[in-house]
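In: Model the structure of this input:
(one chain, ligands or ions: 1)
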Amino acid sequence: MRHEWSNRLTFILAAVGSAVGLGNIWKFPYITGEYGGGVFIFAYLICICLIGLPIMLAEIALGRRGKQSPVNTMLQLSLEAGSHPSWSLLGWSGMAAGCLILSYYSVIAGEVMAYSFRAGSGMFNQQTVDGVKGILTTLVSDPEKLLAWHTLFMGVTVIAVAKGVRGGIEKTISFVMPALFVLLVVLVFYAMNSGGFEQAIDFMFTPDADKFFYARDQLGQYLMDAEGEKIFTWKPMMVAMGHAFFTLSLGMGAIMMYGSYLNRYVSIGQMALIIVSLDTVVALLAGLAIFPLVFANGLDPAAGPGLIFESLPIAFGNMAGGRLIGTLFFVLLFFAAWTSAISLMEPTVAWLTESKKMHRVKATVWTGTVIWFIGLASIFSFSGTTLGDILRILFSWFGLEYLELNHWFFKQSLFIIIDFLTASIMLPVGGLLIAIFAGWVMERDSTEREFSFNNRYVYPVWSVMVRYVTPFLVFIVFLNISGIFKF
Ligand code: TRP
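Out: Here you go, the predicted model:
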């Protein structure tokens, strides 16, 4: 017998644990900062409601019906619907996306672990902006240190996954989430009095379409074409949509996987609504805690992946009880990242045990090792290595001469490339296919049955969303994909 969650609270805890993580507290603020604030948040919220929510319902329903890892669930459901078994490719690309995402997720989570020690040792006390920036630079330009933390994080993730989904997650989440929430609220209150609150509200909630739709350089200046016109870019739109998938753990089968452990008698509509609301609230609170500090201290909102590591320590270093609060905050953030990382790995491990009959421990160690290796790419990215640099080294190993390619693509780091490929392309494509599969391929009877314990309005609304609205919106965003290759 396959185990199921002990009750519906457990499923909510696990799914919220998967959804709430670095995506909310690390990624959301820095991409909001990079893409100009208000319009980005607006686009993200629209995507959460019209794309994320329906796909969340679809993933839970599919998982619960298929009761296996995403690859085998898709295989079985496609046969059941009399369709082609190649739908299981969805599960495959999901496993690939999960492993790629976890490869950098683990490096950032490692930095979070490092920061909890730094906070605890009083390193942030009375620090200035320059001091805090220095602490971050020292860490990221030391690949060995990053590697050690990355290894430690992968280690604890492997242990948790090897022990099986249920062991540990329930207990961890039930104290981590409330505590993290309380600390975020404390930080928002602190930020309110930091002197940058009004500016932050303005930044986050006043639309400025120019900053969203026109390309800017590292200093925030608009790029111009030969005629002196600003250059239109569609990339922020793709990032906003991609982040809706990322933050809700959708599009790669993580929620499908968790849905497969869910028993028949719970309302998936209610479940999805709770998960999505909690996740969104946490992200907005993180923004409200961080941006006031950014503006009050003259930091650059577009500073990139280092944003939380540059802004929060200033607050911890200067508030009463900051040493304790800072330590707690980073420790809790580590736990939140950990419960998300588990869900990134679970589909691959479940597939290896089901289809390859591998022992769970062995499957986990193998998967963890592969991901650990891919993580090296991100470690070097954070100290400034670009794709061009790597190609140059590879070429020289083979005694070939590397011709400098001037396209912007070669000036990006592998972290940037992996992140864009997974979050902005693979997850939305996966989600699009899930919506099409649930809405058009599966028989109405089988999907409707999954909703039969729901309020009777949920199914018809969901069905229209997942057949028309959601696929149409994802498609529209992709229609303009060529718009990102212009410069
Ligand atoms: N949602 C998590 C976060 O916001 C990350 C995550 C966990 C994820 N599982 C996922 C992202 C599956 C995409 C797909 O931190």
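
In: Spatially nearest residue to Ala303 (excluding sequence neighbours)?
Out: Leaving out its chain neighbours, the residue that sits closest to Ala303 by CB to CB, 6 or more residues apart in numbering is Glu310, at 6.1 Å. Backbone N, C-alpha and C define where each C-beta goes, glycine included.

In: didn't the one you found look like it was pressed against Leu136?
Out: Yes: applying CB atoms under 8 Å as the test, Glu310 and Leu136 come out as touching, 6.0 Å apart.

In: picking that back up, go ahead and list the helix or strand containing the residue nearest to Ala303.
Out: helix 307-318 (DSSP states H and E).

In: what's downstream of that helix, the next helix or strand?
Out: Next along from helix 307-318, by DSSP H and E: helix 322-355.

In: Can you name the residues that contact Phe197?
Out: 191, 292 (CB atoms under 8 Å, 6 or more residues apart in numbering).

In: Residue numbers of the protein in contact with the ligand?
Out: Within the chain, the residues that sit near the ligand (CB under 6 Å from any ligand atom) are 18-19, 21-24, 101, 246-247, 249, 252, 254, 340, 343-344, 427.

In: hmm, which two among those residues are most spread apart?
Out: Spatial extent of the residues of the chain next to the ligand (CB to CB) is set by the pair Asn24 and Met252 at 17.5 Å.

In: So between these two, which is more surrounded?
Out: Of the pair Asn24 and Met252, Met252 is the one with more neighbours under other CB atoms under 10 Å, namely 32 against 28.

In: before we move on, the earlier item: which ones among the residues of the chain next to the ligand lie within helices?
Out: 18-19, 22, 101, 246-247, 254, 340, 343-344, 427 (DSSP state H).

In: Now render those residues as TSV, adding distance to Leu278.
Out: TSV is the format used below for these (distance: CB to CB, whole Å):
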residue	distance to Leu278
Ser18	12
Ala19	7
Leu22	16
Ile101	21
Phe246	16
Thr247	11
Ala254	16
Ser340	13
Ser343	15
Leu344	19
Leu427	20
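
In: In a markdown table: the residues you listed, plus neighbour count and pLDDT.
Out: Compiled in a markdown table, those are given as follows (neighbours: other CB atoms under 10 Å; pLDDT from 0 to 100):
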| residue | neighbour count | pLDDT |
| --- | --- | --- |
| Ser18 | 27 | 95 |
| Ala19 | 29 | 97 |
| Leu22 | 24 | 98 |
| Ile101 | 26 | 98 |
| Phe246 | 30 | 98 |
| Thr247 | 27 | 98 |
| Ala254 | 28 | 96 |
| Ser340 | 25 | 96 |
| Ser343 | 26 | 94 |
| Leu344 | 26 | 97 |
| Leu427 | 28 | 97 |
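
In: quick one: which of these is nearest Ile434?
Out: Using CB to CB, the shortest approach to Ile434 within those belongs to Leu427, at 10.3 Å.

In: Now do the contacts for that closest one.
Out: 97, 242, 245-246, 250-252.

In: Which one of those residues sits in the busiest neighbourhood?
Out: Of all these, the highest neighbour tally under other CB under 10 Å goes to Gly251, namely 34 neighbours.

In: how about it, phi and psi?
Out: phi 90, psi -10 (degrees, to the nearest 10).

In: For it, list the residues it contacts.
Out: Contacts of Gly251 (CB under 8 Å, 6+ apart): 55, 94, 97, 245, 426-431, 434.

In: try it again with 6 Å
Out: The contact partners of Gly251, by CB atoms under 6 Å, 6 or more residues apart in numbering, come to 245, 427, 430-431.

In: Leaving out the residues flanking it, which one is nearest to the residue of the stretch 1-150 of the chain found nearest the ligand?
Out: Among the residues of the stretch 1-150 of the chain, Gly23 lies nearest to the ligand; the distance is 2.1 Å by CB to the nearest ligand atom. Using CB to CB, 6+ apart and skipping residues adjacent in sequence, the residue nearest Gly23 is Thr247, 4.1 Å away.

In: distance of the residue of the chain positioned farthest from its centre from the ligand?
Out: Taking CA atoms, centre = their mean, the residue of the chain most remote from its mean C-alpha position is Gly399, at 39.2 Å. Applying CB to the nearest ligand atom, to the nearest Å, the value for Gly399 to the ligand is 40 Å.

In: helix/strand/coil for that residue?
Out: coil (DSSP: H, G, I helix; E, B strand; the rest coil).

In: Likewise for the one 4 residues further on?
Out: For Leu403, the secondary structure call by three-state DSSP comes out as coil.

In: How much space separates it from Ile393?
Out: Using CB to CB, to the nearest Å, we find Leu403 at a distance of 14 Å from Ile393.

In: go on, Ser413?
Out: The gap separating Ser413 from Ile393 is 14 Å, by CB to CB.

In: Please say which of these two ends up with more neighbours.
Out: Remark: of Ser413 and Ile393, Ser413 carries more neighbours, 22 against 11, as counted by other CB under 10 Å.

In: Next up, the contacts around Val282.
Out: With the criterion set at CB under 6 Å, 6+ apart, Val282 makes contact with 20, 24.

In: how about the helix or strand harbouring it: buried residues?
Out: Per DSSP H and E: Val282 is located in helix 268-296. In terms of neighbour count (16 or more other CB atoms under 10 Å), helix 268-296 has its buried residues at 268-269, 271-272, 275-276, 278-280, 282-296.

In: got the angle between it and helix 322-355?
Out: 140 degrees (axes from the mean of the first three to the mean of the last three CA atoms, to 10 degrees).

In: average pLDDT across helix 268-296?
Out: Helix 268-296 comes out with an average pLDDT of 95.

In: could you give the angle of that helix to helix 307-318?
Out: Orientation check (the same axes, to 10 degrees): helix 268-296 against helix 307-318 gives 70 degrees.

In: Centre of the chain to helix 268-296, how far?
Out: Relative to its parent chain, helix 268-296 has a centroid offset of 13 Å by CA atoms, centre = their mean, to the nearest Å.

In: The nearest residue to Leu248 once chain neighbours are set aside: neighbouring residues, count only.
Out: Nearest non-adjacent residue to Leu248, counting by CB to CB, 6+ apart: Gly52, 4.8 Å away. Gly52 has 31 neighbouring residues, counting by other CB under 10 Å.
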